[in-house]
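Undergrad: Just the structure for this:
(one chain, ligands or ions: 1)
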Amino acid sequence: MYKIVVDPDKCVGDEECIEVCPVNVLQLQNGRAFPVRKDDCIGCESCIQVCDYIAITVTEV
Ligand code: SF4
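TA: Residues are numbered from 1 along each chain as shown. Next up is the predicted model:
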């Protein structure tokens, strides 16, 4: 299982991670990416790779 965290202070809401996630974990909420389906995360780290703001961390738990 993976734990995804988006730092709302770093996220600018450009939706890059939302578009790249293969299992639709993320959604825009109040102008920031939010992991609405965090339990579905498969740990591919695609969201981390596309984030220019280093706002996302994914850890195996
Ligand atoms: S690590 Fe992969 S599956 Fe998990 S939220 Fe990021 S893009 Fe989606």
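Undergrad: can you give me the strands in the chain?
TA: 2-6, 26-29, 32-35, 56-60 (DSSP state E).
Undergrad: Those strands: which one's closest to Glu45?
TA: strand 56-60 (5.7 Å; C-beta to C-beta). To be clear about C-beta, it is placed using only N, CA and C from the backbone, and glycine gets the same treatment.
Undergrad: Just the buried residues of stretch 46-61, please?
TA: For stretch 46-61, a neighbour-count test (16 or more other C-beta atoms under 10 Å) marks Ser46, Cys47, Val50, Cys51, Ala55, Ile56, Val58 as buried.
Undergrad: now stretch 13-31
TA: By 16+ other C-beta under 10 Å, the buried positions in stretch 13-31 come out as Gly13, Glu16, Cys17, Ile18, Cys21, Val25, Leu26.
Undergrad: Relative to the whole chain's centre, how far out is that stretch?
TA: Between the centre of stretch 13-31 and the centre of its chain there are 6 Å (C-alpha atoms, centre = their mean, to the nearest Å).
Undergrad: would you list the strands of the chain in CSV and tack on mean pLDDT and distance to the ligand?
TA: Formatted as CSV, these follow (pLDDT from 0 to 100; distance: least, C-beta to the nearest ligand atom, whole Å):
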stretch, mean pLDDT, distance to the ligand
strand 2-6, 98, 5
strand 26-29, 98, 6
strand 32-35, 98, 6
strand 56-60, 98, 5
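Undergrad: Dump those strands to JSON lines, plus distance to Ile42.
TA: Below are the strands of the chain laid out as JSON lines (distance: least, C-beta to C-beta, whole Å):
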{"stretch": "strand 2-6", "distance to Ile42": "7"}
{"stretch": "strand 26-29", "distance to Ile42": "13"}
{"stretch": "strand 32-35", "distance to Ile42": "13"}
{"stretch": "strand 56-60", "distance to Ile42": "10"}
